[in-house]
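*Asks:* Predicted model follows, preceded by the sequence.
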Amino acid sequence: MIVWVSGTTGSGKTTLSNLFASLGWSIVREQLPTQAFSDFAAAPHKCCEPLQRAIIGSRLEQFKKLTSGNIVFDRSASEDVAVFCQMHYERGYLDLPAYDRLRHLANYAEAQMPTPDLILYLAPSVETLQRRISATHPAVIAENLSRQLALYEEWIGSRQEDVLRVDNTSCGPGALVRLFEGIRNA
């Protein structure tokens with residue numbers, strides 16, 4: 001089974017992906033290269049394309065190393081382009097040629113990877129998201145949360161796969177751990 005764990009920055013994707021890993025699933029993680037992410041935070045106009053290229057490329061490289069079985073993607077290349085690259089293009093951090101190059105790269109990566117059996121879309125409240133990302137993410141991400149949410153709604157609405165929307169506003173990681181332990185022990 002292939003599952004995409006999707007959602008905005010701070011929605012809990014990585015925590016949920018780690019819980020899937022504890023059940024033996026293979027994980028394609030979102031890898032943010034530390035230096036590229038720092039460079040982007042300091043100079044988004046200059047460093048956006050290299051960061052997005054690294055993120056999309058890392059998804060494909062990780063997937064190529066997996067064998068078969070149950071796989072969870074901590075965000076997808078489709079989201080990278082439809083949400084983040086689009087948002088950065090609108091903000092002027094990507095010009096049209098850079099946006100097109102990233103879209104082409106994401107299309108290439110997606111063609112090499114399976115489509116999801118399920119998209120698990122984490123959708124906590126805006127207040128919860130703001131609280132989660134305000135201290136840990138650069139201002140360029142936090143300031144664009146409302147646009148990120150709108151782009152996610154458009155993206156989710158365009159998907160043909162099964163989508164399970166989960167409001168995890170009042171659900172901490174501990175509750176998910178207990179749920180997954182119950183599933184494992186069942």
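*Replies:* Great, that's in hand. Numbering: from 1, shown residues only.
*Asks:* By residue count, what's the longest helix in this structure?
*Replies:* Assignment by DSSP state H gives helix 44-65 as the longest helix of the chain.
*Asks:* And the contacts of that one?
*Replies:* 28-33, 36-37, 39-40, 71, 73, 76-77, 80-81, 84-85, 88, 91-94, 98, 101-102, 105-106, 108-109, 112-113, 140 (CB atoms under 8 Å, 6 or more residues apart in numbering). To be clear about C-beta, it is placed using only N, CA and C from the backbone, and glycine gets the same treatment.
*Asks:* Repeat the analysis, applying 6 Å as the threshold.
*Replies:* Residues from elsewhere that reach helix 44-65, judged by CB atoms under 6 Å, 6 or more residues apart in numbering: 28, 31, 33, 36, 39-40, 77, 80, 85, 88, 93-94, 98, 102, 105-106, 109, 112-113, 140.
*Asks:* distance between the ends of stretch 39-49?
*Replies:* Stretch 39-49 stretches 11 Å from its first residue to its last (CA to CA, to the nearest Å).
*Asks:* let me fix that: stretch 128-140
*Replies:* Per CA to CA, the first residue of stretch 128-140 is 18 Å away from its last.
*Asks:* For that stretch, buried residues please.
*Replies:* Burial within stretch 128-140, assessed by neighbour count using 16 or more other CB atoms under 10 Å, is assigned to 128-129, 132-133, 137, 140.
*Asks:* Show me where the protein has its helices.
*Replies:* 13-22, 34-42, 44-65, 77-79, 86-91, 96-112, 126-134, 139-142, 145-158, 173-185.
*Asks:* Residue 7 is nearest to which of the ones you listed?
*Replies:* helix 13-22 (5.4 Å; CB to CB).
*Asks:* What is the burial count for residue 52?
*Replies:* Residue 52: 25 surrounding residues under other CB atoms under 10 Å.
*Asks:* Check residue 58 too.
*Replies:* A count of neighbours around residue 58, defined by other CB under 10 Å, yields 18.
*Asks:* I'd like to know how far residue 183 sits from residue 22.
*Replies:* Taking CB to CB, to the nearest Å as the criterion, residue 183 is separated from residue 22 by 10 Å.
*Asks:* Revised request: answer the last question for residue 32.
*Replies:* Using CB to CB, residue 32 is found at 22 Å from residue 22.
*Asks:* pLDDT weak spots in this structure?
*Replies:* Per-residue confidence of the chain (counting by pLDDT under 70) places the weak regions at 173-174, 186.
*Asks:* Give me the most central residue, it.
*Replies:* Among the residues of the chain, the smallest C-alpha distance to the mean C-alpha position (CA atoms, centre = their mean) belongs to residue 75, namely 2.8 Å.
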